[in-house]
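Engineer: Below are the sequence and a predicted model for it; my questions follow.
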Amino acid sequence: MKNKKTATNPFYTIMHPFDCSYDIRYKGRGNLYFSVIILLVFFLVSVFQRQSTGYIFNNNKLSDLNTPLKFVGVILPFVLFVISNWVVSILFNGTGRFRDIWIYSAYCCVPYIIGNFAAVLLSNVLVMEEPFGEYVQIFGAAWSLIILFIGLMVMHEYNFTKNLFGCLCTIFIMFILFFLIMLLGSLASDLYGFVMTIAKEIMFRVS
(Lines give C-alpha, C1' and ligand atoms only; values in the text may rest on other atoms or scores of the structure.)
Protein backbone atom coordinates (compact mmCIF):
# COMPACT_ATOMS: atom_id res chain seq x y z
CA MET A 1 0.00 0.00 0.00
CA LYS A 2 2.85 2.38 0.77
CA ASN A 3 4.32 1.92 -2.70
CA LYS A 4 0.95 2.51 -4.30
CA LYS A 5 0.55 5.77 -2.39
CA THR A 6 3.94 7.06 -3.45
CA ALA A 7 3.05 6.29 -7.06
CA THR A 8 -0.35 7.93 -7.30
CA ASN A 9 -0.97 10.23 -4.34
CA PRO A 10 0.90 13.55 -4.28
CA PHE A 11 -0.47 14.18 -0.78
CA TYR A 12 1.94 11.47 0.34
CA THR A 13 4.75 13.79 -0.70
CA ILE A 14 3.68 16.35 1.91
CA MET A 15 4.60 14.05 4.79
CA HIS A 16 7.11 11.70 3.15
CA PRO A 17 9.31 13.69 0.73
CA PHE A 18 12.27 11.32 1.14
CA ASP A 19 10.29 8.21 0.20
CA CYS A 20 8.32 9.87 -2.59
CA SER A 21 11.37 11.40 -4.25
CA TYR A 22 13.22 8.07 -4.06
CA ASP A 23 10.29 6.16 -5.55
CA ILE A 24 9.84 8.63 -8.39
CA ARG A 25 13.53 8.59 -9.30
CA TYR A 26 14.55 4.99 -8.74
CA LYS A 27 11.30 3.06 -9.06
CA GLY A 28 9.57 5.09 -11.79
CA ARG A 29 6.38 5.45 -9.76
CA GLY A 30 5.56 9.08 -10.51
CA ASN A 31 2.48 9.93 -12.54
CA LEU A 32 3.21 12.41 -15.35
CA TYR A 33 -0.45 12.98 -16.20
CA PHE A 34 -1.32 13.70 -12.60
CA SER A 35 1.49 16.24 -12.42
CA VAL A 36 -0.10 18.09 -15.36
CA ILE A 37 -3.45 18.07 -13.56
CA ILE A 38 -1.78 19.59 -10.49
CA LEU A 39 -0.34 22.39 -12.62
CA LEU A 40 -3.77 23.08 -14.13
CA VAL A 41 -5.24 23.22 -10.62
CA PHE A 42 -2.39 25.53 -9.67
CA PHE A 43 -3.41 27.87 -12.49
CA LEU A 44 -7.10 27.73 -11.60
CA VAL A 45 -6.40 28.45 -7.94
CA SER A 46 -4.20 31.39 -8.98
CA VAL A 47 -7.10 32.84 -10.98
CA PHE A 48 -9.46 32.11 -8.09
CA GLN A 49 -7.08 33.88 -5.71
CA ARG A 50 -6.85 36.94 -7.94
CA GLN A 51 -10.58 37.25 -8.50
CA SER A 52 -12.10 35.98 -5.25
CA THR A 53 -9.82 37.28 -2.49
CA GLY A 54 -11.82 39.40 -0.04
CA TYR A 55 -12.14 42.98 -1.24
CA ILE A 56 -10.32 44.45 1.77
CA PHE A 57 -7.27 42.29 0.92
CA ASN A 58 -7.57 42.48 -2.87
CA ASN A 59 -5.88 45.30 -4.76
CA ASN A 60 -6.51 43.82 -8.21
CA LYS A 61 -8.96 45.25 -10.71
CA LEU A 62 -11.12 42.24 -11.47
CA SER A 63 -12.00 43.36 -14.99
CA ASP A 64 -8.31 43.49 -15.97
CA LEU A 65 -7.81 39.72 -15.80
CA ASN A 66 -5.80 38.46 -18.77
CA THR A 67 -6.22 34.69 -18.68
CA PRO A 68 -3.50 33.74 -21.23
CA LEU A 69 -1.01 36.07 -19.57
CA LYS A 70 -1.94 34.67 -16.16
CA PHE A 71 -1.44 31.13 -17.45
CA VAL A 72 2.03 32.01 -18.73
CA GLY A 73 2.84 33.76 -15.46
CA VAL A 74 1.99 30.61 -13.49
CA ILE A 75 3.38 27.88 -15.76
CA LEU A 76 6.49 29.57 -17.16
CA PRO A 77 8.35 29.85 -13.80
CA PHE A 78 7.64 26.17 -13.16
CA VAL A 79 8.94 25.12 -16.58
CA LEU A 80 12.01 27.33 -16.22
CA PHE A 81 12.72 25.84 -12.80
CA VAL A 82 12.52 22.27 -14.07
CA ILE A 83 14.73 23.01 -17.08
CA SER A 84 17.24 24.92 -14.95
CA ASN A 85 17.45 22.25 -12.28
CA TRP A 86 17.88 19.57 -14.94
CA VAL A 87 20.76 21.58 -16.44
CA VAL A 88 22.31 21.92 -12.98
CA SER A 89 22.00 18.16 -12.43
CA ILE A 90 23.92 17.58 -15.67
CA LEU A 91 26.64 20.07 -14.72
CA PHE A 92 27.07 18.77 -11.16
CA ASN A 93 26.58 15.05 -11.74
CA GLY A 94 23.08 14.85 -10.31
CA THR A 95 21.11 11.69 -10.93
CA GLY A 96 17.67 13.25 -11.43
CA ARG A 97 16.11 13.03 -14.89
CA PHE A 98 13.95 15.73 -16.47
CA ARG A 99 10.81 13.62 -16.04
CA ASP A 100 11.55 12.96 -12.37
CA ILE A 101 12.21 16.62 -11.59
CA TRP A 102 9.01 17.65 -13.39
CA ILE A 103 6.79 15.18 -11.56
CA TYR A 104 8.23 15.73 -8.11
CA SER A 105 8.25 19.53 -8.47
CA ALA A 106 4.57 19.43 -9.47
CA TYR A 107 3.76 17.25 -6.45
CA CYS A 108 5.50 19.79 -4.22
CA CYS A 109 3.09 22.50 -5.39
CA VAL A 110 0.24 20.86 -3.46
CA PRO A 111 0.88 22.58 -0.07
CA TYR A 112 1.20 25.94 -1.83
CA ILE A 113 -2.06 25.37 -3.70
CA ILE A 114 -3.86 24.39 -0.51
CA GLY A 115 -2.44 27.38 1.34
CA ASN A 116 -3.55 29.81 -1.36
CA PHE A 117 -7.02 28.30 -1.57
CA ALA A 118 -7.45 28.45 2.22
CA ALA A 119 -6.14 32.03 2.28
CA VAL A 120 -8.80 33.10 -0.23
CA LEU A 121 -11.57 31.55 1.86
CA LEU A 122 -10.25 33.16 5.04
CA SER A 123 -9.90 36.57 3.35
CA ASN A 124 -13.67 36.66 2.90
CA VAL A 125 -14.43 36.20 6.59
CA LEU A 126 -11.54 38.00 8.29
CA VAL A 127 -10.95 41.71 8.78
CA MET A 128 -7.80 43.69 8.02
CA GLU A 129 -6.60 43.35 11.62
CA GLU A 130 -6.65 39.54 11.29
CA PRO A 131 -4.11 38.64 8.58
CA PHE A 132 -4.30 34.94 9.44
CA GLY A 133 -4.87 34.09 5.77
CA GLU A 134 -1.45 35.48 4.90
CA TYR A 135 0.14 33.23 7.51
CA VAL A 136 -1.59 30.20 6.00
CA GLN A 137 -0.35 31.18 2.55
CA ILE A 138 3.21 31.69 3.79
CA PHE A 139 3.11 28.36 5.63
CA GLY A 140 1.96 26.54 2.47
CA ALA A 141 4.71 28.16 0.40
CA ALA A 142 7.36 27.33 3.00
CA TRP A 143 6.17 23.73 3.21
CA SER A 144 6.38 23.37 -0.57
CA LEU A 145 9.92 24.78 -0.64
CA ILE A 146 11.10 22.54 2.20
CA ILE A 147 9.85 19.29 0.67
CA LEU A 148 11.13 20.41 -2.74
CA PHE A 149 14.59 20.98 -1.29
CA ILE A 150 14.55 17.62 0.48
CA GLY A 151 13.29 15.74 -2.57
CA LEU A 152 15.85 17.23 -4.92
CA MET A 153 18.61 16.36 -2.48
CA VAL A 154 17.50 12.73 -2.50
CA MET A 155 16.85 12.63 -6.23
CA HIS A 156 20.24 14.01 -7.23
CA GLU A 157 22.12 12.22 -4.42
CA TYR A 158 23.53 15.52 -3.12
CA ASN A 159 24.51 16.43 0.42
CA PHE A 160 22.96 19.51 2.04
CA THR A 161 25.66 21.95 0.93
CA LYS A 162 25.81 20.73 -2.66
CA ASN A 163 22.03 20.75 -2.94
CA LEU A 164 21.87 24.30 -1.59
CA PHE A 165 24.46 25.40 -4.13
CA GLY A 166 22.56 23.56 -6.86
CA CYS A 167 19.34 25.37 -5.94
CA LEU A 168 21.11 28.75 -6.06
CA CYS A 169 22.54 27.85 -9.47
CA THR A 170 19.06 26.80 -10.57
CA ILE A 171 17.67 30.23 -9.68
CA PHE A 172 20.56 31.92 -11.50
CA ILE A 173 19.95 29.88 -14.66
CA MET A 174 16.23 30.65 -14.42
CA PHE A 175 17.01 34.38 -14.57
CA ILE A 176 19.28 33.83 -17.57
CA LEU A 177 16.63 31.84 -19.42
CA PHE A 178 13.96 34.41 -18.57
CA PHE A 179 16.20 37.20 -19.88
CA LEU A 180 16.80 35.28 -23.10
CA ILE A 181 13.07 34.68 -23.55
CA MET A 182 12.33 38.38 -23.03
CA LEU A 183 15.11 39.31 -25.45
CA LEU A 184 13.88 36.91 -28.13
CA GLY A 185 10.32 38.13 -27.59
CA SER A 186 11.41 41.74 -28.05
CA LEU A 187 13.37 40.89 -31.20
CA ALA A 188 10.44 38.91 -32.59
CA SER A 189 8.11 41.83 -31.90
CA ASP A 190 10.47 44.29 -33.61
CA LEU A 191 10.88 41.94 -36.59
CA TYR A 192 7.11 41.53 -36.89
CA GLY A 193 6.64 45.30 -36.81
CA PHE A 194 9.36 45.76 -39.45
CA VAL A 195 7.83 43.15 -41.77
CA MET A 196 4.34 44.60 -41.36
CA THR A 197 5.63 48.09 -42.13
CA ILE A 198 7.30 46.88 -45.33
CA ALA A 199 4.18 44.92 -46.30
CA LYS A 200 1.96 47.98 -45.81
CA GLU A 201 4.36 50.13 -47.81
CA ILE A 202 4.38 47.63 -50.68
CA MET A 203 0.57 47.36 -50.63
CA PHE A 204 0.29 51.16 -50.63
CA ARG A 205 2.58 51.55 -53.66
CA VAL A 206 0.94 48.68 -55.55
CA SER A 207 -2.53 50.12 -55.03
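Structural biologist: That came through, no problem.

Engineer: Every contact and neighbour count from this point should use C-alpha atoms.
Structural biologist: Fine.

Engineer: Any idea which helix or strand in the protein has the lowest mean pLDDT?
Structural biologist: helix 2-8 (a mean of 51; mean pLDDT, DSSP states H and E).

Engineer: Name the next helix or strand following it along the chain.
Structural biologist: In the C-terminal direction, the helix or strand that comes right after helix 2-8 (DSSP states H and E) is helix 11-15.

Engineer: what is the mean pLDDT for the next helix-or-strand element following that following helix?
Structural biologist: Proceeding N to C from helix 11-15, the next assigned helix or strand is helix 17-26, under DSSP H and E. For helix 17-26, mean pLDDT is 87.

Engineer: distance between the lengthiest helix in the chain and the chain's centre?
Structural biologist: Looking only at the chain and at elements set by DSSP state H, the helix with the highest residue count is helix 160-206. Taking the mean of its C-alpha atoms, helix 160-206 sits 20 Å from the chain's own mean (C-alpha atoms, centre = their mean, to the nearest Å).

Engineer: for stretch 27-46, same thing?
Structural biologist: Offset of stretch 27-46 from its chain centre (C-alpha atoms, centre = their mean): 11 Å.

Engineer: Where does pLDDT dip in the chain?
Structural biologist: Applying pLDDT under 70 to the chain flags residues 1-8, 127-131, 207.

Engineer: So for it, the centremost residue is which one?
Structural biologist: The chain has Phe78 as the residue nearest its centroid, 3.1 Å off, counting by C-alpha atoms, centre = their mean.

Engineer: For it, give its distance to Ser52.
Structural biologist: For Phe78, the distance to Ser52 equals 23 Å [C-alpha to C-alpha, to the nearest Å].

Engineer: now swap in Gly140 and tell me
Structural biologist: In this view, Gly140 and Ser52 are 19 Å apart by C-alpha to C-alpha.

Engineer: what does Ile83 give?
Structural biologist: 32 Å.

Engineer: Which residues are in contact with the residue nearest to Ala119 when sequence neighbours are not counted?
Structural biologist: Spatial nearest neighbour of Ala119, excluding adjacent residues (C-alpha to C-alpha, 6 or more residues apart in numbering): Gly133 at 4.3 Å. Contacts for Gly133 were tallied using C-alpha atoms under 8 Å, 6 or more residues apart in numbering; they are Ala118, Ala119, Val120, Leu122, Ser123.

Engineer: switch to 10 Å and redo it
Structural biologist: Taking C-alpha atoms under 10 Å, 6 or more residues apart in numbering, we find Gly133 in contact with 57, 115-126, 139.
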